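S.K.: Model the following, please.
(2 chains)
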Amino acid sequence: MPSEIDLRFILETLAKIVVVFVIGLLSPVSMNYVERRTLAFIQNRLGPNRVGPFGLFQSIADGIKFAFKEDIIPLSANKWLYTLAPVLAVIPAFMVTIVYPIGPEVNLPFVGPTKLYVTNFNVGLLYVLAMTSLGVYSMILAGWASGSKYSLLGGLRSSAQMISYELSLSLSVIAVVLMAGSLDLTQITEGQAGWFGLQWNVIKWFPAGVIAFFIYLISAIAETNRVPFDLPEAETELVAGFHTEYSSSLKFAMFFMAEYVNMLTVSVLATVLFLGGWNGPGVAAFPLLGPVYFFLKVFFFMFLYIWLRGTLPRFRYDQLMNFGWKFLLPLALLNIVIAAVIGVFIV
Amino acid sequence: MQILFLLFAALAVVAAFNVILQRNPLYSAIGLIGTLISVAALFLTLAAPFIAAVQIIVYAGAIVVLFVFVIMLLNVRAEESRADEQKYLRWLAAPLFLALLAEVFLAVRYVGDAPPPLPAVRAADAPRQWLGSVETIGTDMFTTYVLPFEAVSVLILMAIIGAMLLAKRDPQFGRRRAPAEPAAAAGRAEEVGAGARR
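M.R.: The predicted model follows:
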């Protein structure tokens, strides 16, 4: 029905897509710098401080280096799949960015009332879970197509880990869905407005909210293969896991980008589901404060990742599987029961 | 919407052909992912976002992952010529194909018009009440169809127990294996995972 969709809608959507795409593109660049500097300070060193003021342009320099390095495809690699795998990592990662509920409806100058998200699905949460579950393929295929045993083992490990922890992640989210009564990320956010943060889902329906939050946090870190769950890239055992054979060219940069965008997605989801999304003091009066609160909360979670990386040692593989299947999953199931009981009988 | 339908329908068909024409089973699996995602997009254009999301989560996100795992772990390089052993399947293929085709024609002929596409639905007054929405599906599933729903969950539980029993009975990997063995735990975990997602 082209007649019903006006030009303004198309232009607005395109502009928003460009904005979230740029946010996605900037997240690896900025967060990588923050990560390297913070990690350096945690470990009592300086970190990159040579390129530009405080080393701020280090990531850009690295990006240029990625673009100009020779692209080596190993002889034993399956050429098609080896090239396809990084693409499969990036596409789902960026597809998720369209449902980021960055802010409420604001009155922008020259544009008029605009909603600060590209779209809101009736099943936004499921859409995010679906897209992140597609990211497994890039790891398996990269590991297999590289034709190297380190890559294969790394790929198998990461996909097994992702599949295992995806379950407890999805189950932990159900408690929030019960609280909000919706799968739409904007509606979940709006349900947490007011009461100076006392309506946030972390503390709602105590203890269901808190348990769900911690299960989500742990499985999200495992899902993105970060410390202390970075077994797929355990360099002492597996060199660099599934991307061992990707020789720091643009293909490696794509994996890198996908990893950071996935971290961003997980942080956004944690913010929206548990910490009230764009809500904060004064948002009702000044809606433009919404994105500020939103990005502050997201940055908190991104920083948490770095903090953990500087602090914690790595799990052993059997510990990882035991923890995921014998502790986290039953706890997540139990938490659904707790949340349902509270929702039906108490609230 | 027409354009989107044509695009994704064509993609689905091309990917489906890719599934049956490739010699390398891994390429076939990738084609299958393409088909599943295209079909999910078709569901979206038919105002059934829940089914679209579930299609991707269950089929593309879990089941085909298991296919790929099996293909990779058994290291099936290219299709082994097993056609001679399964000659009768060839005679089964044509009637099955005709039956499916007839079903599609009947569906197109008798089921009637498809529900309105998504933007039109959203513009309507009751955006949460249309046929493909989460609320409608949930309500139907737990009121009208609660018995079949529970029966399916029992069926899946039986499948999980059956799979575990078969794995235990294997003489090589039998009772001597400790329950906390990581590889066994991981393997079992995936089966349970695929079952529990439905």
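S.K.: now residue A:51, what's its secondary structure?
M.R.: Under DSSP: H, G, I helix; E, B strand; the rest coil, the three-state class of residue A:51 is coil.
S.K.: Need the pLDDT of it.
M.R.: Confidence at residue A:51, expressed as pLDDT, is 83.
S.K.: Quick check, it in contact with residue A:61.
M.R.: Yes - counting by C-beta atoms under 8 Å, residue A:51 touches residue A:61, with 4.9 Å between them. Every C-beta, even on glycine, is put in place using the N, C-alpha and C of the backbone.
S.K.: how about the helices in chain B?
M.R.: With DSSP state H, the ranges of helices along chain B come out as B:2-21, B:25-45, B:49-54, B:64-74, B:87-110, B:118-123, B:134-142, B:146-169, B:182-197.
S.K.: Which elements pack onto the second one?
M.R.: Going back to what we said before, that points to helix B:25-45. helix A:79-96, helix A:124-145, helix B:2-21, helix B:49-54, helix B:64-74 (3 or more C-beta pairs under 8 Å, 6 or more residues apart in numbering or on different chains; DSSP states H and E).
S.K.: and the nearest residue to residue A:240 once chain neighbours are set aside, how many neighbours?
M.R.: Closest residue in space to residue A:240, ignoring its immediate chain neighbours: residue A:233 at 5.6 Å, by C-beta to C-beta, 6 or more residues apart in numbering or on different chains. Residue A:233: 21 surrounding residues under other C-beta atoms under 10 Å in any protein chain shown.
S.K.: these two touch, right, residue A:233 and residue A:227?
M.R.: No - the pair residue A:233 / residue A:227 is not scored as a contact, 9.4 Å apart, by C-beta under 8 Å.
S.K.: Turn the helices of chain B into a markdown table, columns for mean neighbour count and mean pLDDT.
M.R.: Listed next are these as a markdown table, based on neighbours: other C-beta atoms under 10 Å in any protein chain shown; pLDDT from 0 to 100:
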| stretch | mean neighbour count | mean pLDDT |
| --- | --- | --- |
| helix B:2-21 | 14 | 89 |
| helix B:25-45 | 20 | 88 |
| helix B:49-54 | 22 | 87 |
| helix B:64-74 | 17 | 82 |
| helix B:87-110 | 9 | 84 |
| helix B:118-123 | 15 | 49 |
| helix B:134-142 | 14 | 83 |
| helix B:146-169 | 12 | 90 |
| helix B:182-197 | 17 | 45 |
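S.K.: Of those, give the one that comes closest to residue A:29.
M.R.: Smallest distance to residue A:29 across these (C-beta to C-beta): 29.2 Å, for helix B:25-45.
S.K.: Show me what the helix or strand hosting residue A:299 is in contact with.
M.R.: Residue A:299 belongs to helix A:289-311 when elements are defined using DSSP states H and E. With contact meaning C-beta atoms under 8 Å, 6 or more residues apart in numbering or on different chains, helix A:289-311 is reached by A:31, A:34-35, A:38-39, A:42-43, A:101-104, A:106, A:116, A:217, A:221, A:224, A:226-228, A:263-264, A:266-268, A:270-271, A:275-280, A:282-283.
S.K.: Residue A:281 belongs to a strand?
M.R.: No - assessed with three-state DSSP, residue A:281 is coil; it does not lie in a strand.
S.K.: per-residue confidence for it?
M.R.: 81.
S.K.: In chain B, what residue comes closest to chain A?
M.R.: Nearest residue of chain B to chain A, counting by C-beta to the nearest C-beta: residue B:61, 3.1 Å away.
S.K.: residues in contact with that residue?
M.R.: A:130, A:133, A:134, A:136, A:166.
S.K.: For those, pick the one with the most neighbours.
M.R.: Neighbour max across those (other C-beta under 10 Å) = residue A:136, 27 neighbours.
S.K.: returning to what we had before: give me the average confidence score over the helix holding residue A:299.
M.R.: On average, helix A:289-311 scores 88.
S.K.: Show me which residues of it are buried.
M.R.: Within helix A:289-311, the residues that qualify as buried are A:289-291, A:293-295, A:297-298, A:301-302, A:305-306, A:309, counting by 16 or more other C-beta atoms under 10 Å in any protein chain shown.
S.K.: Break down the stretch 151-300 of chain A into its helices, ranges please.
M.R.: A:185-190, A:208-223, A:235-238, A:250-274, A:289-311 (DSSP state H, counting those that start in this stretch).
S.K.: Domain parsing of chain B, as residue ranges.
M.R.: As given by automatic domain parsing, the domain ranges for chain B are B:1-77, B:145-198.
S.K.: Quick check: the gap between the nearest residue to residue A:259 once chain neighbours are set aside and residue A:258.
M.R.: Nearest residue to residue A:259 in three dimensions, chain neighbours excluded: residue A:224, at 6.8 Å (C-beta to C-beta, 6+ apart). To residue A:258, residue A:224 is 10 Å away according to C-beta to C-beta, to the nearest Å.
S.K.: what does chain A put close to chain B?
M.R.: With C-beta under 8 Å from any C-beta of the partner chain as the criterion, chain A comes near chain B at residues A:1, A:4-5, A:81, A:84, A:121-123, A:126-127, A:129-131, A:133-134, A:136-137, A:140-141, A:144, A:152, A:156, A:159-160, A:163-164, A:166-167, A:170, A:183, A:317-318, A:321-322, A:324-325.
S.K.: What subset of those is buried?
M.R.: So, by 16+ other C-beta under 10 Å, the buried ones in the residues of chain A next to chain B are A:81, A:84, A:121-123, A:126-127, A:129-131, A:133-134, A:136-137, A:140-141, A:144, A:152, A:156, A:159-160, A:163-164, A:166-167, A:170, A:183, A:317, A:321-322, A:324-325.
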